[in-house]
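Enquirer: let's see this in three dimensions:
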Amino acid sequence: MAGKDKQQQKDMKTFTWVLMAVVVLAVGSIGWSVTRNAFSAAATEPLEFVWDDLNELVAMATGIERGNADADATIMEFADFQCPACGQFQSQMKPQLDLAFVESGLARFVYHDFPLSMHPHSFLASRAGRCAHDQDPDGFWPYHDQLYRTQAVWGAASSPPISAFEGYAKAQGLDLDEFSACLNSDKFADVVSANIQLGLQLGVGSTPTIFVSTGGGAAARVSNWGDIRTFQQLIVPGTADEAGGQD
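Expert: Below you'll find the predicted structure:
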């Protein structure tokens, strides 16, 4: 419990640094709604909900992280599983970030869902990722990678690709009954929706949007996310020239 409290405190500090860089609306309020596939109980669109203050929103909008929880630097990604640019970031840049910063303990990486309304299956994909994580915390990242590898397949489906998402879970060795029960419900719809709201408060309007926080002052929004030297300069200032980068 102490470790969880420590992590929540760290998360709160991280978002405090981020919010110093943007204009924040303190209160959001709307009613509730869920859109479900006509053939299942799966929630396929965001909930609209009430949050009284920013701390409440941050507490609900949990990210999924990897790496050293005590690292001085945090890389935060707001992403959409159906977004081609996010797929590019995943395949080309994230492996470099993992190798250079996450696996070395210099930074932790935190993934936040930000499914865009223009992508009809991205909200369901975010929920599928959460269902994988719920069953096996170590199972999120393999499932995350599979969703991006097969993005062009399930993204082209004319109806919610529930069977495809269930197939990926089965192939990964997850309990299919448990995963299906999670996916064919509204479980984690509130968490994904809160992630969207948090992103909106941080000024996120497109994906991927990347922030880097180093524990003091305003977090930096990374515009040139395709060059590892940008991250190098933010995380280990003065050493950007030593890092490899994309031309």
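
Enquirer: over to the most centrally placed residue in the chain. Which of the three states is it?
Expert: Central residue of the chain (CA atoms, centre = their mean): His112, 2.1 Å from the mean position. What DSSP: H, G, I helix; E, B strand; the rest coil gives for His112 is strand.

Enquirer: list the contacts for it?
Expert: Contact analysis of His112 by CB atoms under 8 Å, 6 or more residues apart in numbering lists 61, 63, 76-79, 195, 198-199. From N, CA and C alone the C-beta is placed, and that goes for glycine too.

Enquirer: how does it look with 10 Å?
Expert: His112 sits next to 61-65, 76-79, 126, 192, 194-196, 198-199, 202, 204, 209, 211 when contact means CB atoms under 10 Å, 6 or more residues apart in numbering.

Enquirer: ok, of those residues, which come out buried?
Expert: Buried members of the contacts of His112, scored by 16 or more other CB atoms under 10 Å, are 61-65, 76-79, 126, 192, 194-196, 198-199, 202, 204, 209, 211.

Enquirer: filter those down to the ones in strands?
Expert: Among the buried ones among the contacts of His112, the ones falling in strands (DSSP state E) are 64-65, 76-79, 209, 211.

Enquirer: could I get those as TSV with distance to Ser158?
Expert: Supplementary listing: these in TSV, determined by distance: CB to CB, whole Å:
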residue	distance to Ser158
Ile64	29
Glu65	34
Met76	33
Glu77	29
Phe78	27
Ala79	24
Thr209	29
Phe211	35
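
Enquirer: return the closest of these with respect to Ala171.
Expert: Ranked by distance to Ala171 (CB to CB), these are led by Ile64 at 20.2 Å.

Enquirer: so what's the closest one up against?
Expert: Counting by CB under 10 Å, 6+ apart, Ile64 touches 109-113, 129-130, 132-133, 137, 140-141, 144, 191, 195.
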